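Student: I would like the atomic coordinates for the input below:
(2 chains)
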Amino acid sequence: MDNMNQIVNEAMKRIKNSDIEMLKIVKSEYLGKNGILTKILKSLLHYSIEDRKKIGFEANKAKTILESEIEKRKEGFKKALLVQKMQKEKLNFSPIFYFPFSKGSFHPIVQTMQDMILAFKSLGFSIAEGPEIETDWYNFEALNIPENHPAKDVQDTFYLDGTERLLRTHTSPGQIRVMEKLKPPLKVVVPGRVYRNEASDASHSSTFHQIEGLRVDKNVTLLDLKIILTKFIHIFFCYEPCIRFRPSHFQFTEPSAEVDVKCLFCKGSGCRVCKNLGWIEMLGCGIVHPNVLKSVNYDPELYSGYAFGIGVERIAMLKYGIDDIRLFYENDLRFLKQF
Amino acid sequence: MRVSYNWLKKFIDFEFGPQKLASVLTSVGIEASVVSREYCWSNVVTVKVLDVQKHPFANKLFLCKVTDGLNNYSIVCGAENISLGQIVPLAKIGAILPGNVKIKRVKIRGEDSEGMICSESELGLKKRSNGILTLDKDTQIGIGLEKVLGIDDSVLEVEVAINRGDCLSHLGIAREIGAKIRKAVSYPAIKTFNVPNLDCVKAAPDLCPRYIGMLISDVKVCPSPAWITNALEKNGIRSINNIVDIANYVMIELGQPLHVFDVKKLDSKMIFVRRSCDDEAIVALNGKKYRLDSETIVIADVEKPVAIAGIMGGKYSCVDEKTEDIFLESAIFNADLVRKASRKLNLSSDSSYRFERGLGWDITELASWRAANLIVEVAGGAIKARQDLQNIKYERTSVGLRFRRVSKILGYDIKKDEVIEILKFLGMSLQLKSEIVLCTIPSWRNDIKIEVDLIEEIARIKGYDFIPTLFNHRKNGISICQSNNLFLPAIVEDFRTKLNGLGFNEVLNYSFLEIDELKKFGLDYFYRITNPISKENEVLRPSLLPALYKNLLLNISYGCERVAFFEYGRIFARYGEKKTFAIIMWGKIWEEWWKWLEQKIVPKYDFYFGAGVVRNILLSNEFGITENLNPKNYYHSGQTASVVFEEKSVGQFGILNPTITNDIKEDIFYFEINLDLFDNNSVHFQKKSIYKAYSRLPVVKRDISVIADKNLQFSEIEKIIKIFMRSGNILRKYSLFSAYSDKFKFGENKISYSFRLFYKNDEKTLTDKEVNENMMALLDKLYVKLGLELRQ
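Tutor: Coordinates of the predicted model:
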């Protein structure tokens, strides 16, 4: 038995000191076809049954130990080789990366519009879309803007040759179309592109986007309007809103208001964006004029509603700090890639 | 419009300063801002020159003694125009002049100077001036110069809503302040006289409901006194002469536009208010000649029009320095007609601006007397006769208000007493009947017609600040979404997300194009704008291509090497608006990288890559890509394909026609698809996402190469393969991995295609034999149908 221990100790010592080539030799010397341990196991036949059991057990044990030791040593060599390989492969640059595609982007107007609509969806509004080519009835008459009314002039309308049609000057015709189709209660926003026939400059564009909001039900009030707009601004701009209503005039609402928001940048203390006023004009709104309700055969005694219209470009300009509306339509990659 | 702070104070007694006034006005719906305090000095007073001596040590300087009535000052002055007894402005020690010049006690050439006598340029009143400013001999001394010049005032710019014509005057603005602070306005003292009646005006009721004419004789026309010119100047009105100035003065004071005729220049004793005849013309006060038509109201004598009613007087009949007798007109004209004429003639004036917005019945008379009073006071003369032509019987409007409706519309309470108070201070006379109040609307408020108009007035005057803000906007944590649809159709959202990941940039273009921009692409327009103010707005776009192409050129011009854009918007086609999505791409697909450059890989957008992008974003197999049988002119005739959905062509893509893009060497890929079929609500857009069990057995791959005629359309080969693959065949997929021709190997006009074939059987593992047999069967088909041979 001492003999067996001796063999194992000897083998262990040799394994420990061997390099990768030597290891192979050691392995074959002990475990190979003519290896020491193999020979012992083969010679068992010549022993008595008792000895056979004993020696067999010891020899098998020794074989397992050596096998695992050799395997361990082998793994160690493998690992060391990999470490060496990685060292060899170390790039001689500081961190560098490559991705074949440049950064894609969404247009800031479309994105702002989507974000605004998500906010309104979370406030329970449905979404409707109307045509951009409209009739006088939907764009003006039904909205209490009669023929020859000065309010019509202010709108700078594009008329289409050879038709009775025009390009909508606001998304408000959407109000009428929605009310024609549905009965109250209703709560919708109508996003879309609108057109004004005016010279373009840093803050005016002949093409721009609006989101119209409308809610009609029994007992809808000016207070409800203030609540919903406050909530919207809270959700959209993620900041404690402070809004101010100012009396204004729109033909299709009475009472009418313009809404200012406390400047998002200076929080009201005055800065370049708010022209030191502390407030920023955000949207127009009001209680739907009874004449508008009548034009879609709603009973103004029974129902009331609020409506609002928000300029998307204006909001996007605020959100991203853009000072020229024309940038949106130039489509210069140096601009687009920033979003 | 501009208003003077001091002038408003004459009408209404209020305590606050100009800035606060601006915010009060804004709070009642008249956006106001202080434009200027018109002087920027302090401590400059009027003094009298008591003594002028030559400076002992300087030729060009004088030693002066001046007094402000209390103290005497020694001043060194260099102005040659200084003389004894003059009243001049003195900047005392401690005074500040424009440019932040501070006046200190100084010694000039050894003599003390206790201040500075100022010129107009030193005061910032003029750019240049000769010598010191001298004032009228009877000017009071010892008072601030700004008072003497009448510029101790603030001017406010106010923006009046279109329905509030009544606010286009100092009186009107004052009434609003009065309602807000609950005080009554005081009118200027106006004397009326009993004078003989005239009967010289004839007017049609529909054109002119009321016309007051007044004959004033023996006036002396001369320049206006300073208080009138100052007042006009603040409102941006040029002074003409005292008579014309008074007419304008009363207009900005009371809101009623007036006109004055020189009686001697009229061809008859009669005045007609009538529609113009079609061939008439008039030279207006601005010196321009206007052709009139029957939609224009004119004031005429028997012969000819002498004024365009409500817009501008005629040059012929105007008041000049020789005028002695005048006819003063204060009238109401049909607002619609004035507006139409003003648009048609492209001529607007302070007067037309007011007439268009409508005038009150009562103010016509008040303004007439006010102007007559001022004329007699300033220009002398006597009121000889008068006519008040009332063409209609004016009835005051009454509107009922149910108190309970106030909170029903507003959502918060305003006490009944306060409602009544507000209505009273808005000038209404009230009749109370328990739960209803009947309001007689003052003549100037022709915008109030129904109950909600009154409710708005109440809310407005009470102040929108009063709408409660203490509601808890963060409570009610649940958000209910009633609808599933997004603003953009789901299919567009899908395209956008995918393309964004592929490095495409989204753009937005105007809906308009110039006609010239279309020609190049062989496009026709279907909607032309009748009244574009700019050439850019001539027609509505029939395709997204022209603008996208322009975007591409812009970005190439500053050195971009890769452009890949997409846009979603409406185009305006023959049958109306169409929701359209488009892609344009050009240049290097990938950004350059040295490692790939080593291997000479610089792929550029071409037809195949473009088609791959299109294939990738079209979400389901319901879209087919087929030969383009009817390609748009702007495509390369040999490199275009059509996108089909349910056997309908919905889009086309391809390389742009080189005749369009000849400046650009590389291929430009364009894709446009009409999305009207894929609305959110349409049944076509239901993503088929039902799980299908898949087999875990391995796929067997085989490569084969065949040799074909070059003229044979590749799609023909594909057709055969596809038919072969149908219904349970173990060939599941194929791909083309090489295509090349070699004259020597395959012969002239021959091409070799290499396919990788993917075999699979869902039930059992395939054997070599099965696969080989199947492959032979395919080769057989290809040989029999198209003559393709296996490449050995």
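
Student: which residues touch whatever residue of the stretch 301-450 of chain B ends up closest to chain A?
Tutor: Closest to chain A within the stretch 301-450 of chain B is residue B:411: 2.8 Å, counting by C-beta to the nearest C-beta. For glycine as for every other residue, the C-beta is placed from the backbone atoms N, C-alpha and C. With contact taken as C-beta atoms under 8 Å, 6 or more residues apart in numbering or on different chains, residue B:411 is in contact with A:221, A:222, A:223, A:224, B:467.

Student: what are the phi and psi values for it?
Tutor: Dihedral pair for residue B:411: phi 90, psi 0, per degrees, to the nearest 10.

Student: what's the distance between it and residue A:221?
Tutor: Distance, residue B:411 to residue A:221, using C-beta to C-beta, to the nearest Å: 3 Å.

Student: One more: residue A:140?
Tutor: 27 Å.

Student: Number of residues surrounding residue 318?
Tutor: Because you didn't say which chain, this covers chain A. Residue A:318: 19 surrounding residues under other C-beta atoms under 10 Å in any protein chain shown.

Student: The intended chain is chain B.
Tutor: Residue B:318 has 21 neighbours, counted by other C-beta under 10 Å.

Student: ok, what's across the strand from residue B:789?
Tutor: Counting by DSSP bridges, residue B:789 forms beta bridges with residue B:707.

Student: What of residue B:672?
Tutor: Bridge pairing for residue B:672 - DSSP bridges - gives residue B:582, residue B:652.

Student: where in chain B is pLDDT low?
Tutor: Low-confidence regions of chain B, defined by pLDDT under 70, span residues B:36-39, B:150, B:470-487, B:619-621, B:679-690.

Student: which residue sits closest to the most centrally placed residue in it, ignoring its sequence neighbours?
Tutor: Centroid-nearest residue in chain B, with C-alpha atoms, centre = their mean: residue B:533, separated by 13.5 Å. Spatial nearest neighbour of residue B:533, excluding adjacent residues (C-beta to C-beta, 6 or more residues apart in numbering or on different chains): residue A:197 at 5.6 Å.

Student: Secondary structure element holding the one you found?
Tutor: Using DSSP states H and E, residue A:197 sits within no helix or strand.

Student: Report the contact partners of it.
Tutor: Residue A:197 makes contact with A:156, A:157, A:158, A:206, B:529, B:531, B:532, B:533, B:537 under the criterion C-beta under 8 Å, 6+ apart.

Student: ok, and the most crowded of these?
Tutor: Within the contacts of residue A:197, most neighbours by other C-beta under 10 Å means residue A:158, with 26 neighbours.

Student: For the helix or strand in which residue B:422 is found, C-alpha coordinates in CSV please.
Tutor: Assigned by DSSP H and E, residue B:422 belongs to helix B:416-425. Listed in CSV are the C-alpha atoms of helix B:416-425, where the atom choice follows Å, rounded to 0.1, in the frame of the first residue of the first chain:
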residue,chain,number,x,y,z
LYS,B,416,-75.8,88.1,-7.2
ASP,B,417,-75.1,91.6,-5.8
GLU,B,418,-71.7,91.6,-7.5
VAL,B,419,-73.2,90.5,-10.8
ILE,B,420,-75.6,93.4,-10.7
GLU,B,421,-72.9,95.8,-9.8
ILE,B,422,-70.6,94.7,-12.6
LEU,B,423,-73.5,95.0,-15.1
LYS,B,424,-74.3,98.5,-13.9
PHE,B,425,-70.7,99.7,-14.2
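
Student: I'd like to know which residues of the stretch 201-339 of chain A are adjacent to chain B.
Tutor: The stretch 201-339 of chain A has residues A:206-207, A:219, A:221-224, A:226-227, A:230-231, A:234, A:241, A:244-249, A:251, A:254-257, A:287, A:289-290, A:304, A:328-334, A:336-337 near chain B, with proximity defined as C-beta under 8 Å from any C-beta of the partner chain.

Student: rerun that using 6 Å as the cut-off
Tutor: Residues of the stretch 201-339 of chain A lying close to chain B (C-beta under 6 Å from any C-beta of the partner chain) are A:206-207, A:221-224, A:226-227, A:230-231, A:234, A:245, A:247-249, A:254-255, A:287, A:329, A:331, A:333, A:336.

Student: before we move on, the earlier item: possible to save the contacts of residue A:197 as TSV with secondary structure?
Tutor: Compiled in TSV, these are given as follows (DSSP: H, G, I helix; E, B strand; the rest coil):
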residue	secondary structure
A:156	coil
A:157	coil
A:158	coil
A:206	coil
B:529	strand
B:531	coil
B:532	coil
B:533	coil
B:537	helix
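
Student: And those, which is closest to residue A:112?
Tutor: residue A:206 (19.3 Å; C-beta to C-beta).

Student: to the chain's geometric centre, what's the distance from the helix holding residue B:422?
Tutor: 37 Å (C-alpha atoms, centre = their mean, to the nearest Å).

Student: can you give me the strands in chain A?
Tutor: A:126-127, A:133-135, A:165-167, A:186-195, A:207-217, A:243-250, A:253-262, A:279-288, A:304-311 (DSSP state E).

Student: and these as a markdown table, adding mean neighbour count, distance to residue B:101 and mean pLDDT?
Tutor: Compiled in a markdown table, these are given as follows (neighbours: other C-beta atoms under 10 Å in any protein chain shown; distance: least, C-beta to C-beta, whole Å; pLDDT from 0 to 100):
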| stretch | mean neighbour count | distance to residue B:101 | mean pLDDT |
| --- | --- | --- | --- |
| strand A:126-127 | 19 | 63 | 90 |
| strand A:133-135 | 20 | 60 | 93 |
| strand A:165-167 | 23 | 56 | 93 |
| strand A:186-195 | 23 | 52 | 94 |
| strand A:207-217 | 23 | 48 | 95 |
| strand A:243-250 | 22 | 40 | 91 |
| strand A:253-262 | 24 | 39 | 92 |
| strand A:279-288 | 22 | 36 | 92 |
| strand A:304-311 | 24 | 46 | 96 |
